[in-house]
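1. this one's sequence-less:
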Ligand SMILES: [Zn+2]
(Lines give C-alpha, C1' and ligand atoms only; values in the text may rest on other atoms or scores of the structure.)
Protein backbone atom coordinates (compact mmCIF):
# COMPACT_ATOMS: atom_id res chain seq x y z
CA UNK A 1 0.00 0.00 0.00
CA UNK A 2 2.72 2.49 0.91
CA UNK A 3 5.11 1.93 -1.94
CA UNK A 4 8.41 3.58 -1.07
CA UNK A 5 9.38 6.18 -3.64
CA UNK A 6 12.95 6.13 -4.91
CA UNK A 7 14.74 9.33 -4.02
CA UNK A 8 17.65 10.82 -5.92
CA UNK A 9 20.80 11.66 -3.95
CA UNK A 10 19.93 15.30 -4.33
CA UNK A 11 16.48 14.78 -2.82
CA UNK A 12 17.87 12.64 -0.02
CA UNK A 13 20.49 15.18 0.93
CA UNK A 14 17.92 18.00 0.87
CA UNK A 15 15.68 15.98 3.19
CA UNK A 16 18.63 15.10 5.43
CA UNK A 17 19.80 18.73 5.63
CA UNK A 18 16.34 19.92 6.60
CA UNK A 19 17.06 18.88 10.18
CA UNK A 20 20.89 19.10 10.11
CA UNK A 21 20.95 15.30 9.73
CA UNK A 22 18.86 14.50 12.80
CA UNK A 23 15.74 12.41 13.26
CA UNK A 24 12.82 14.85 13.15
CA UNK A 25 11.03 12.86 15.85
CA UNK A 26 13.65 12.04 18.52
CA UNK A 27 16.49 14.39 17.36
CA UNK A 28 19.12 11.62 17.31
CA UNK A 29 21.96 12.04 14.82
CA UNK A 30 21.51 10.06 11.62
CA UNK A 31 24.22 8.74 9.29
CA UNK A 32 23.59 9.89 5.74
CA UNK A 33 25.30 6.84 4.22
CA UNK A 34 23.08 4.47 6.19
CA UNK A 35 19.89 5.53 4.45
CA UNK A 36 17.59 2.51 4.45
CA UNK A 37 20.26 0.21 5.92
CA UNK A 38 18.33 -1.29 8.82
CA UNK A 39 20.50 -2.30 11.78
CA UNK A 40 23.33 0.13 11.00
CA UNK A 41 24.18 2.99 13.32
CA UNK A 42 22.20 6.11 12.40
CA UNK A 43 20.14 4.21 9.81
CA UNK A 44 17.23 6.27 8.58
CA UNK A 45 14.15 6.45 6.42
CA UNK A 46 12.30 9.29 4.80
CA UNK A 47 9.21 9.78 6.95
CA UNK A 48 6.03 11.20 5.51
CA UNK A 49 5.17 13.68 8.25
CA UNK A 50 1.54 13.28 7.35
CA UNK A 51 1.25 9.57 6.58
CA UNK A 52 0.27 8.60 3.05
CA UNK A 53 -2.58 6.59 4.59
CA UNK A 54 -3.86 9.85 6.11
CA UNK A 55 -3.72 11.76 2.85
CA UNK A 56 -0.07 12.86 3.04
CA UNK A 57 1.85 13.55 -0.17
CA UNK A 58 5.35 12.90 -1.54
CA UNK A 59 5.98 16.64 -1.63
CA UNK A 60 9.16 17.97 -0.05
CA UNK A 61 7.41 19.78 2.76
CA UNK A 62 5.92 16.47 3.93
CA UNK A 63 9.25 14.64 3.98
CA UNK A 64 11.57 14.43 6.97
CA UNK A 65 14.46 12.17 7.92
CA UNK A 66 13.71 9.77 10.78
CA UNK A 67 15.37 6.80 12.51
CA UNK A 68 14.02 3.58 11.09
CA UNK A 69 12.70 2.60 14.53
CA UNK A 70 11.01 5.99 15.04
CA UNK A 71 9.51 5.80 11.57
CA UNK A 72 8.10 2.32 12.14
CA UNK A 73 6.81 3.16 15.61
CA UNK A 74 5.13 6.29 14.31
CA UNK A 75 3.18 4.36 11.68
CA UNK A 76 0.09 6.42 10.98
CA UNK A 77 0.25 8.43 14.22
CA UNK A 78 0.70 12.15 13.73
CA UNK A 79 4.11 13.80 13.83
CA UNK A 80 2.99 15.84 16.84
CA UNK A 81 2.17 12.64 18.74
CA UNK A 82 5.40 10.86 17.79
CA UNK A 83 7.50 13.90 18.76
CA UNK A 84 5.72 14.06 22.10
CA UNK A 85 6.72 10.43 22.80
CA UNK A 86 10.32 11.60 22.53
CA UNK A 87 9.67 14.77 24.55
CA UNK A 88 10.12 17.01 21.52
CA UNK A 89 7.79 19.56 20.03
CA UNK A 90 9.58 20.55 16.83
CA UNK A 91 11.86 19.14 14.18
CA UNK A 92 15.57 19.95 14.60
CA UNK A 93 16.51 23.08 12.67
CA UNK A 94 18.47 23.07 9.43
CA UNK A 95 22.08 24.23 9.65
CA UNK A 96 21.17 27.66 8.37
CA UNK A 97 18.17 28.21 10.68
CA UNK A 98 20.22 26.82 13.52
CA UNK A 99 22.98 29.40 13.07
CA UNK A 100 20.39 32.20 12.95
CA UNK A 101 18.61 30.88 16.05
CA UNK A 102 21.90 30.80 17.97
CA UNK A 103 22.60 34.44 17.13
CA UNK A 104 19.09 35.28 18.31
CA UNK A 105 19.65 33.37 21.55
CA UNK A 106 22.94 35.22 22.05
CA UNK A 107 21.23 38.60 21.56
CA UNK A 108 18.33 37.78 23.86
CA UNK A 109 20.53 36.37 26.58
CA UNK A 110 23.02 39.20 26.13
CA UNK A 111 20.29 41.77 26.75
CA UNK A 112 18.99 39.82 29.75
CA UNK A 113 22.55 39.44 31.06
CA UNK A 114 23.17 43.18 30.71
CA UNK A 115 20.07 43.88 32.80
CA UNK A 116 21.14 41.50 35.53
CA UNK A 117 24.74 42.72 35.41
CA UNK A 118 23.65 46.36 35.66
CA UNK A 119 21.48 45.59 38.68
CA UNK A 120 24.44 43.97 40.42
CA UNK A 121 27.41 46.04 39.26
CA UNK A 122 26.19 49.18 37.47
CA UNK A 123 27.47 49.98 33.96
CA UNK A 124 30.61 47.76 34.21
CA UNK A 125 28.37 44.95 35.46
CA UNK A 126 26.11 45.43 32.45
CA UNK A 127 29.03 44.82 30.08
CA UNK A 128 30.19 41.71 31.91
CA UNK A 129 26.59 40.47 32.16
CA UNK A 130 26.00 41.04 28.44
CA UNK A 131 29.10 39.05 27.50
CA UNK A 132 28.26 36.16 29.81
CA UNK A 133 24.65 36.20 28.62
CA UNK A 134 25.65 36.19 24.96
CA UNK A 135 28.06 33.28 25.41
CA UNK A 136 25.50 31.25 27.35
CA UNK A 137 22.77 32.10 24.84
CA UNK A 138 24.90 31.13 21.85
CA UNK A 139 25.82 27.77 23.36
CA UNK A 140 22.21 26.85 24.06
CA UNK A 141 20.73 24.19 21.77
CA UNK A 142 18.03 25.96 19.76
CA UNK A 143 16.15 22.72 19.01
CA UNK A 144 12.90 22.13 20.90
ZN1 LIG B 1 14.34 8.95 15.93
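-> Yep, it's here. As the structure is a computational prediction, the values presented were derived from the model and not from experiment. Numbers count the residues shown, from 1 in each chain.
2. what secondary structure does the residue positioned nearest the centre of the chain sit in?
-> Note on the chain: the residue nearest the mean C-alpha position is residue 92, at 0.3 Å, using CA atoms, centre = their mean. Using DSSP: H, G, I helix; E, B strand; the rest coil, the structure places residue 92 in coil.
3. any figure for the gap between it and the ion?
-> Relative to the ion, residue 92 is positioned 10 Å away (CB to the ion, to the nearest Å). To be clear about C-beta, it is placed using only N, CA and C from the backbone, and glycine gets the same treatment.
4. residue 13 now?
-> 19 Å.
5. buried set for the helix or strand harbouring that residue?
-> Taking DSSP states H and E as the criterion, residue 13 maps to helix 9-17. Buried residues in helix 9-17, counted by 16 or more other CB atoms under 10 Å: 12, 15, 16.
6. quick one: which of those is nearest residue 116?
-> residue 16 (39.8 Å; CB to CB).
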